[in-house]
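A.B. asks: Return atomic coordinates for the entry below.
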Amino acid sequence: MSVYFFFDKITMTKPTLNVWFCCFFCKSKYAPFNCLIKELSAHRNEEKCWLLFRLNSGLQNVTFFDEGPSCIRDEGQTTLIDITRMECSNCGEHLGGKIVHVHDKHPIICEGQYVVQLTKKT
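C.D. replies: Predicted coordinates:
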């Protein structure tokens, strides 16, 4: 699973920056950078990291299916969740998932948010 940033024409005169996370394989934009909440640092290693996006992020070019259990570790707390698989609707590449149910209370993680895994390009 690989994603990268896509920068539209960036000029200092634009009021907002149009920066997107894109599928590494087909280059389809799927998540705006300004919807990023935080990196889930407990899931970071040399090859990958996980990012948490807010609900109603304006995702595009993605499809969801196959709900299943998982857990997220953040700031010393493990939270049990149910998550649906999120794939690029153009090429089928796995991008991450959408949190559909949170079993434990957490101050940041809630239903409707998105988790995206970034992988280092090799």
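A.B. asks: Show me the shaky parts of the chain.
C.D. replies: Where the chain drops to pLDDT under 70, the residues are 1-17, 120-122.
A.B. asks: quick one, strands of it?
C.D. replies: If DSSP state E is used as the criterion, the strands of the chain fall at 3-7, 19-23, 29-32, 36-40, 48-53, 62-74, 77-88, 94-102, 114-119.
A.B. asks: in the second one, what counts as buried?
C.D. replies: For strand 19-23, the neighbour count (16 or more other CB atoms under 10 Å) marks Val19, Trp20, Phe21, Cys22, Cys23 as buried. (C-beta placed from N, C-alpha, C; glycine too.)
A.B. asks: and Asn18, how many residues sit next to it?
C.D. replies: Neighbourhood size, Asn18 [other CB atoms under 10 Å]: 14.
A.B. asks: now do Tyr30
C.D. replies: 26.
A.B. asks: measure it to Tyr114 for me?
C.D. replies: Distance of Tyr30 to Tyr114, given as CB to CB, to the nearest Å: 10 Å.
A.B. asks: Between these two, which contacts overlap?
C.D. replies: Listed as contacting both Tyr30 and Tyr114 by CB atoms under 8 Å, 6 or more residues apart in numbering are Leu59.
A.B. asks: mind listing what the closest residue in space to His43 that isn't next to it in sequence touches?
C.D. replies: Excluding the flanking residues, the one nearest His43 by CB to CB, 6 or more residues apart in numbering is Trp50, at 4.1 Å. By CB under 8 Å, 6+ apart, the residues touching Trp50 are Glu39, Leu40, His43, Arg44, Ile72, Gly96, Val115, Val116, Gln117, Leu118.
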